[in-house]
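>>> Sequence and predicted structure are below.
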Amino acid sequence: MLLYHSSKVLAPHFPKSYNQAVMRLTLCSVFCVLCSVLSIPAFPMGLAPPVPTPEAGTPTLEFVRSYGFAGSGDGQFYFPQDVYVSVIGDISTGLNNLFVADTGNNRIERLDEDGSFIYQFGRFGSDPGKFNTPAGIAVDFNLYVYVADQENHRLQKLDIRGNPLNQWGSYGKENGQFIYPRGVALDPTGKIYVADSGNDRIQKFDGDGNFISLVGGFGMGDGFFDNPQDVALDRERNLYVADTGNHRIQKIDEFGRPIFSFGGMGKGEGQFFKPQGVAVDVKYIYVADTGNNRIQVFDRQGRFRSSYGQKGYLGGNLNGPIGICLGKSGQIFVADTQNHRIQQFKLVYR
């Protein structure tokens, strides 16, 4: 409203509260524009951002099927210690094939996704392509197979059909040597990590077997190990180590610096007795709690979520589980070692 006085036009007059409201509206508009430009989420003053919706229940395992039984024939196993699922196929076989370290039979078996036998390679010995207690296995994107040949104290690199390509390591404590190597893991750049259990350390190599670095040494403190049996990596190249003799899992960054650990000896939730296998995905850490005959699930911060399994021989029961790995479609495969079989599970929420 304009006010006329003495033939002059005076400035419009508004109540003080109105001017304050306009100022708040102007500042709010500027804030929203800046948030839009900078991609910053804007929330009403005094209110927290929305909390992500939690999962509908607690994550746990559900039994799907088992593969194999005790024996030395095709598709049979004798104390298998590890299993690996290929994330790619080749011209003769497809995605999600299983590669099993059939430890007691000193061989590697390849099965299809349904558990049907495809072929095997290896036998007892120390020559290239032969094994003495193969205990860990991994397959890379070039279809090279890496086997921790435990009692030959070496790592073997083979093609997908088992033809030997390279080997490295010998008994000893020097860089590149091993004492009973066990778990094997690969990172996206082709680097190879080996749980050198008898030397209480994790060693890192390139694809040709050249030593790069190591982490660990015997001890109970952060970053030290006692008989580590397995190692896994996440997408950020952090290491998750089954620190078996210390009854815990340790998370180590790619430069060897400890981040956190969890566990402790016992039978309660979140405790372990000689855990020998570990796997990780974008949400959870899965631990083969070997001495307690169960699989435990933790979030990525090491907080306990659930436990599955009990000692037995029926489907879904476990007896000394060691190796554990994850399929591309969320399957969970476990080397149920003393039941001489591989078991498949899936993650469900209850």
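That came through fine.
>>> Surely residue 167 touches residue 127?
No - counting by C-beta atoms under 8 Å, residue 167 stays clear of residue 127, with 9.9 Å between them. Using the backbone N, CA and C atoms, a C-beta is placed for each residue, glycine as well.
>>> higher neighbour count, those two?
residue 167 (18 against 10; other C-beta atoms under 10 Å).
>>> How about the more buried one, nearest residue that isn't a chain neighbour?
In space, residue 167 comes closest to residue 156 once its chain neighbours are excluded; the distance is 4.7 Å by C-beta to C-beta, 6 or more residues apart in numbering.
>>> likewise residue 97?
residue 86 (4.8 Å).
>>> tell me which element residue 203 falls in.
Residue 203 belongs to strand 201-205 when assigned by DSSP states H and E.
>>> still on that earlier bit, thought the residue nearest to residue 97 was touching residue 96?
Yes - counting by C-beta under 8 Å, residue 86 touches residue 96, with 6.8 Å between them.
>>> Quick check: chain neighbours aside, which residue is closest to residue 239?
residue 252 (4.3 Å).
>>> Show me the helices in the stretch 201-350 of the chain, by range?
Assigned helices in the stretch 201-350 of the chain: none (criterion: DSSP state H, counting those that start in this stretch).
>>> So which residues of it form strands?
Secondary structure of the stretch 201-350 of the chain (DSSP state E, counting those that start in this stretch): strands at 201-205, 211-216, 230-233, 239-243, 248-252, 258-263, 277-280, 284-289, 294-299, 304-308, 321-326, 332-336, 341-349.
>>> and the fourth one, which strands flank it?
By that I understand strand 239-243. When sheet partners are counted by DSSP bridges, strand 239-243 sits next to strand 230-233 (antiparallel), strand 248-252 (antiparallel).
>>> Would you tell me which one of those strands is buried the most?
strand 230-233 (a mean of 24; mean count of other C-beta atoms under 10 Å).
>>> Other residues contacting it?
Contacts with strand 230-233, where a contact means C-beta atoms under 8 Å, 6 or more residues apart in numbering, come from 136, 182-187, 193-195, 202, 239-242, 276-280, 288, 323.
>>> before we move on, the earlier item: between residue 86 and residue 96, which one's more packed in?
Using other C-beta under 10 Å as the criterion, residue 86 and residue 96 rank with residue 86 on top: 24 against 19.
>>> Next, give phi and psi for the more buried one.
When read as degrees, to the nearest 10, the backbone of residue 86 gives phi -70, psi 140.
>>> what pLDDT does it get?
If you check residue 86, the pLDDT there is 83.
>>> Could you measure from residue 180 over to residue 329?
For residue 180, the distance to residue 329 (C-beta to C-beta, to the nearest Å) stands at 33 Å.
>>> just checking, residue 237 touches residue 185?
No - shown here, residue 237 and residue 185 do not form a contact pair, counting by C-beta under 8 Å, at 10.3 Å.
>>> Neighbour count: the two, which is higher?
residue 185 (26 against 14).
>>> Let me know whether that one touches residue 138 as I believe.
Yes - using C-beta under 8 Å, residue 185 is in contact with residue 138, at 6.2 Å.
>>> any shared contact partners between those two?
In contact with both residue 185 and residue 138: residue 192, using C-beta under 8 Å, 6+ apart.
>>> returning to that earlier point: neighbour count for residue 180 and residue 329, which is higher?
residue 180 (18 against 10).
>>> isn't residue 321 right next to residue 311, touching?
No - here residue 321 does not reach residue 311: they are 10.2 Å apart, not a contact under C-beta under 8 Å.
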